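Q: Here is a sequence together with a model predicted from it:
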Amino acid sequence: MSKRIYLDYAATSPLRAEVRKAMLPWLESGNPSSLHVDGRRAKGAIDQARERLSAALGCEFGECLFTSGATESANAAIVGAALANEDLSRRRVLISAAEHHCVLHTQSILERLGYQVKLLPVGGDTRPDFEKVAAELTADVLLIAVMHANNETGAITDVAAIADKAHEVGVLVFSDAVQTFTKIPNLVKNLKADLIALSAHKIGGPQGAGALYVKAGTKLKPFVGGGGQERELRGGTENVAAIVGFAAAVNLPMSDVMTKTARDNLQKRLVAGGAVATLPPGTPTLNTHCHVRFPGVDSESMLIRLDRAGVSASAGAACSSGSLEASHVLLAAGFSESEAKEGLRFTLGHGIGPSDAILAADRIIQTAQAILGTEKPRFAR
Ligand SMILES: Cc1ncc(COP(=O)(O)O)c(C=O)c1O
């Protein structure tokens, strides 16, 4: 088979060469908490990484904590805020229904702690409706979780507008900015959130490293207790090499004009070949995401065949049995169960050019037509 085309950057992005090079010397390092020279060197590397990350985020050095990834960051933020609100003076937590599972699954923990969790409806564009959100923002709410860009569709939410409204009644704002970090600058200023979750492996960094921005003065209790690392908010010996790699990825562009052209080509060609775009026209969307459905084509069969045809892509969340569930994002956006099982996500990034997009589009259309039994002998290019 000819060239494989990787279009699953939103799941994980290829490790950048610059990141690998920066990480290698730190694969063996002292414990950053040790007092000796080896420990101090490791601590210095983490400090440098924190400086770089906080500069990219636009926050103070001490407002940025390292974690094992965005899943941990989201739990540390949401559950940590709930634990710190000891007297349950604010009993409600609002979570947008199209959030990543790492946010949605805090619901059961919150409920065990005595909170009432309200899932906020999203519109057909997979974004929460501002008016409906505003109506829920009352003085008994502790925290609202609204992601910046949806990981499946790439739709971008105006988190700052929600944050302004939330802050009027003292509600904390948590935003999962995993998909926008390094694609949209100055997230702290742009989002106005109190807590922001980030992940290294979505930006060309290594898996197993993440960060949590905690606005100065925000009350949190540790979700992972231990040896007092990360301002006593996240115990455990730091993964020095991964943290160094995360910081090395921060200034490397994930997407550029070429990525956008490639995404636009892909989307146009797929729609011309029988696909239906998931998002309504005009929805603000990341340059890296193309989300479509081929009516009548189940995404699981499509992904298996696409893999054989040399295209790596994804759909809704994979469940533990290895088979695909209908996308909770599409269900929340009002798509039927069968439509939600047709969703396909193609995500692009650094290194994917317009010719890759055209090649991939042809393979994707051919695969869909083979499943539908409408395959034509050749494609016009
Ligand atoms: C929007 C979003 N949030 C959270 C996560 C979880 O990130 P991590 O793999 O670093 O735990 C992901 C990754 O799939 C994501 O896309």
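A: Thanks, I have it. Numbers count the residues shown, from 1 in each chain.
Q: count of neighbours near the residue of the stretch 201-350 of the chain found nearest the ligand?
A: Going by C-beta to the nearest ligand atom, the ligand is nearest to Gly210 of the stretch 201-350 of the chain, at 4.8 Å. For the C-beta atoms, the positions are set from N, CA and C on the backbone; glycine is no exception. By the criterion of other C-beta atoms under 10 Å, Gly210 has 27 neighbours.
Q: from memory it sits against Asn75, does it?
A: No. Contact criterion C-beta atoms under 8 Å: Gly210 and Asn75 do not qualify, at 10.8 Å.
Q: residue boundaries of the strands in the protein?
A: Assigned by DSSP state E, the strands in the chain fall at 5-6, 64-67, 92-96, 116-120, 141-145, 172-176, 195-199, 210-214, 276-277, 289-293, 311-312, 343-347.
Q: can I get those in TSV with mean pLDDT?
A: Converted to TSV, those look like this (pLDDT from 0 to 100):
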stretch	mean pLDDT
strand 5-6	97
strand 64-67	97
strand 92-96	98
strand 116-120	98
strand 141-145	98
strand 172-176	98
strand 195-199	98
strand 210-214	98
strand 276-277	98
strand 289-293	98
strand 311-312	97
strand 343-347	97
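Q: Looking at these, which is nearest to Lys183?
A: Checking those against Lys183 by C-beta to C-beta gives strand 289-293 as the closest, at 10.3 Å.
Q: ok, Gly349 - contacts?
A: If you count contacts by C-beta atoms under 8 Å, 6 or more residues apart in numbering, Gly349 has them with Tyr9, Ser13, Pro14, Gly204, Met254, Ser255, Thr259, Thr288.
Q: just checking, the first one touches Gly351?
A: Put plainly, it is Tyr9. No. Judged on C-beta under 8 Å, Tyr9 makes no contact with Gly351 at a distance of 9.3 Å.
Q: Redo the strands of the chain as TSV? Include distance to Lys221.
A: Formatted as TSV, these follow (distance: least, C-beta to C-beta, whole Å):
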stretch	distance to Lys221
strand 5-6	40
strand 64-67	13
strand 92-96	15
strand 116-120	18
strand 141-145	13
strand 172-176	13
strand 195-199	13
strand 210-214	12
strand 276-277	43
strand 289-293	35
strand 311-312	40
strand 343-347	35
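Q: Walking through the stretch 1-150 of the chain, point out its helices one by one.
A: Along the stretch 1-150 of the chain, counting by DSSP state H, counting those that start in this stretch, helices occupy 17-23, 37-57, 70-84, 101-104, 106-112, 130-136.
Q: and the angle for the third one with strand 116-120?
A: With axes from the mean of the first three to the mean of the last three C-alpha atoms, to 10 degrees defining the directions, helix 70-84 sits at 140 degrees from strand 116-120.
Q: can you list the residues that contact helix 70-84?
A: 65, 67, 93, 100, 102-103, 106, 109-110, 113, 115, 142-143, 145, 172, 174, 176, 178, 195, 197-199, 210-212, 214, 218-224, 233-234.
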